[in-house]
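Enquirer: need a structure here:
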Amino acid sequence: MIRSFCAEDMDAEDMDAVVRLWFEASVQSHDFIPLAHWEAEKENLRTLYLPLSDEIVVHVDDDSGEIDAFFAFAGDFLAALFVAPAAQGKGLGSRLLHIARRMHPALTLAVYAENRRAVNFYRQNGLTVYARRTERSTGHRELLMKATKELK
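Expert: Next up is the predicted model:
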């Protein structure tokens, strides 16, 4: 099931689930960034990033009832798209990105250049690199990507 929610109205259990999912997926996919960075960012996600998001959509697993993926927008910028490690490789990320692109056809996003799996995922789903930058808090290179191919 897919549902939207507002971080300000989200109950504590949902907020905990989203933060936990984000943390586990971030640690797994960004092993080139120290664990301490992700630990330090948990509270910012809870109190700053999610509340400042314009739109947040979560996917709830039909069998377990647990939130197993989410994405968040700030304007047309896809600020987050995370799938729980146990739910990866099943097409959920592609389905959510497809929904996100329907919501914001001109979406942009930033992805760490070292996260080759994510870079390839976005390329396979019709996004291209339009710029590069160094992310301030980690010092790692990011690719800025945008949707360029029409959805089918």
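
Enquirer: residue nearest the centroid of the protein?
Expert: The residue lying closest to the centre of the chain (Cα atoms, centre = their mean) is residue 81, at 1.8 Å.

Enquirer: pLDDT score for that one?
Expert: Residue 81 is assigned 97 on the pLDDT scale.

Enquirer: from residue 69, how far off is it?
Expert: For residue 81, the distance to residue 69 equals 8 Å [Cβ to Cβ, to the nearest Å]. Where C-beta positions appear, they are placed from N, C-alpha and C, glycine not excepted.

Enquirer: show which residues not belonging to the helix or strand bottoming out on mean pLDDT in the chain make contact with it.
Expert: Using mean pLDDT, DSSP states H and E, the weakest-scoring helix or strand in the chain turns out to be strand 2-5, at a mean of 79. Here strand 2-5 makes contact (Cβ atoms under 8 Å, 6 or more residues apart in numbering) with 14, 55, 56, 57, 58, 59, 60, 96, 99.

Enquirer: ok so, going back, the helix or strand where the residue nearest to the centre of the chain lies - contacts with which helices or strands?
Expert: Per DSSP states H and E, residue 81 falls inside strand 77-83. Using 3 or more Cβ pairs under 8 Å, 6 or more residues apart in numbering; DSSP states H and E as the contact test, the elements touching strand 77-83 are helix 12-29, strand 67-74, helix 92-103, strand 108-112.

Enquirer: what is the rounded mean pLDDT of the shortest one?
Expert: Strand 108-112 shows a mean pLDDT of 97.

Enquirer: likewise for the longest one?
Expert: The predicted model gives helix 12-29 an average pLDDT of 92.

Enquirer: next helix or strand past it?
Expert: Later in the chain than helix 12-29, the nearest helix or strand by DSSP H and E is helix 35-44.

Enquirer: which parts of that following helix are buried?
Expert: 38, 41 (16 or more other Cβ atoms under 10 Å).

Enquirer: next one: the very next helix or strand once past it to chain centre, how far?
Expert: Using DSSP H and E, the helix or strand that directly follows helix 35-44 along the chain is helix 50-52. Chain-centre distance of helix 50-52: 13 Å, with Cα atoms, centre = their mean, to the nearest Å.
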